[in-house]
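Asks: sequence unknown, structure follows:
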């Protein structure tokens, strides 16, 4: 059990390391034994994250929070193995930071601040996040958003609507990039910096994190703002072989340029 005196450790480089409340050495030993039998590195990483997390404690906490019985559960390991995501009843997603990992200081609070500040600029496509407290950890709760991602949408459907999707994503990137909310200027490297061409607030991992309504092929949300940052985002439009459509973000970049030219020609 996590003692009240255990606190997250702030390392010299400004990174936060959460304490491990889940059984310490013995739990890690058992997870190593199990993972030694798993050939796939990616699967091994996910299994280790689950075994090293206090999943039963998390589910008890979730049950108390939602005030109803948990009927359906899906457990996922987030990008880079930093977080454990628990989806319940097809309604909510809870994000728990994996103990022992290194994080930006107050990463959950940072995401909450960014989301709250950018929501008014996102044309209804930036969903809210609620911060909860579990022991010594900030937990993020999101409403579940139905739809498909670029990974789960059938390829033939993506190809048929690729240009329209690129235009929608480019419009969103432009709007967020041009936003400069006073509430989060302190999160910039230079608080006085102003938006410009391919410079401003950007999502950080946009291809994997927009949700599409497959019936209308309209975007319904951009999720997971943990890696959002301020700066030059021209590299976001590069081709990436790990994407289901490697050149999609290049199309988005071309559409972004059209929007920029149109908006600034009028001024």
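Replies: Right, received. Where do you want to start? Please read all numbers here as calculations on a predicted model, not as lab measurements.
Asks: Would you check that residue 97 makes contact with residue 81?
Replies: No: using C-beta atoms under 8 Å, residue 97 is not in contact with residue 81, being 10.8 Å away. In this view, the C-beta of every residue, glycine as well, is placed from N, C-alpha and C.
Asks: who's more crowded, these two?
Replies: Comparing residue 97 with residue 81 by neighbour count (other C-beta atoms under 10 Å), the higher total belongs to residue 97, at 22 against 14.
Asks: Let me know the distance separating the more buried one from residue 151.
Replies: For residue 97, the distance to residue 151 (C-beta to C-beta, to the nearest Å) stands at 24 Å.
Asks: how about the nearest residue to residue 68 once chain neighbours are set aside, what does it touch?
Replies: Distance criterion C-beta to C-beta, 6 or more residues apart in numbering; nearest residue to residue 68, sequence neighbours excluded, is residue 89 at 7.6 Å. Residues counted as contacts of residue 89 (C-beta atoms under 8 Å, 6 or more residues apart in numbering) are 66, 68, 70, 71, 72.
Asks: do you know how far residue 89 is from residue 96?
Replies: The gap separating residue 89 from residue 96 is 17 Å, by C-beta to C-beta.
Asks: same check, this time on residue 170
Replies: Per C-beta to C-beta, residue 170 is found 34 Å from residue 96.
Asks: other SSEs contacting whichever strand or helix holds residue 169?
Replies: Using DSSP states H and E, residue 169 falls within helix 155-178. Secondary-structure packing of helix 155-178 (3 or more C-beta pairs under 8 Å, 6 or more residues apart in numbering; DSSP states H and E): strand 199-202, strand 210-213, strand 218-222, helix 248-265.
Asks: from these, which stretch is densest packed?
Replies: Most buried of these by mean neighbour count (mean count of other C-beta atoms under 10 Å) is strand 199-202; its value is a mean of 22.
Asks: how much distance is there from that strand to the middle of the chain?
Replies: Its chain's C-alpha centre and that of strand 199-202 lie 16 Å apart, by C-alpha atoms, centre = their mean, to the nearest Å.
Asks: what residues does it touch?
Replies: By C-beta under 8 Å, 6+ apart, the list of residues contacting strand 199-202 from outside reads 114, 118, 173, 176-180, 195, 228-233, 236.
Asks: and it, average pLDDT?
Replies: The average pLDDT within strand 199-202 is 98.
Asks: ditto for stretch 95-104
Replies: Taken as a whole, stretch 95-104 has a mean pLDDT of 72.
Asks: now swap in stretch 136-156 and tell me
Replies: The average pLDDT for stretch 136-156 rounds to 94.
Asks: Distance from it to the middle of the chain?
Replies: With C-alpha atoms, centre = their mean as the basis, stretch 136-156 stands 9 Å off its chain's centre.
Asks: And for stretch 177-187?
Replies: Mean-position distance between stretch 177-187 and its chain equals 19 Å (C-alpha atoms, centre = their mean).
Asks: And that stretch, end to end?
Replies: Stretch 177-187 has an end-to-end distance of 15 Å (C-alpha to C-alpha, to the nearest Å).
Asks: Check stretch 119-131 too.
Replies: When the termini of stretch 119-131 are compared using C-alpha to C-alpha, they are 16 Å apart.
Asks: if we look at it, which residues are touching it?
Replies: Contacts to stretch 119-131, defined as C-beta under 8 Å, 6+ apart, come from residues 108-109, 111-112, 115-116, 118, 138-143, 145, 171-172, 175-176, 178-179, 181, 210, 219-223, 225.
Asks: Identify the residues contacting residue 251.
Replies: Residues near residue 251 by C-beta under 8 Å, 6+ apart: 162, 163, 166.
Asks: Of the residues you listed, which is the most crowded?
Replies: Neighbour counts for the contacts of residue 251, by other C-beta under 10 Å, peak at residue 166, which reaches 21 neighbours.
Asks: just checking, that residue touches residue 255?
Replies: Yes: if you go by C-beta under 8 Å, residue 166 and residue 255 touch, sitting 5.1 Å apart.
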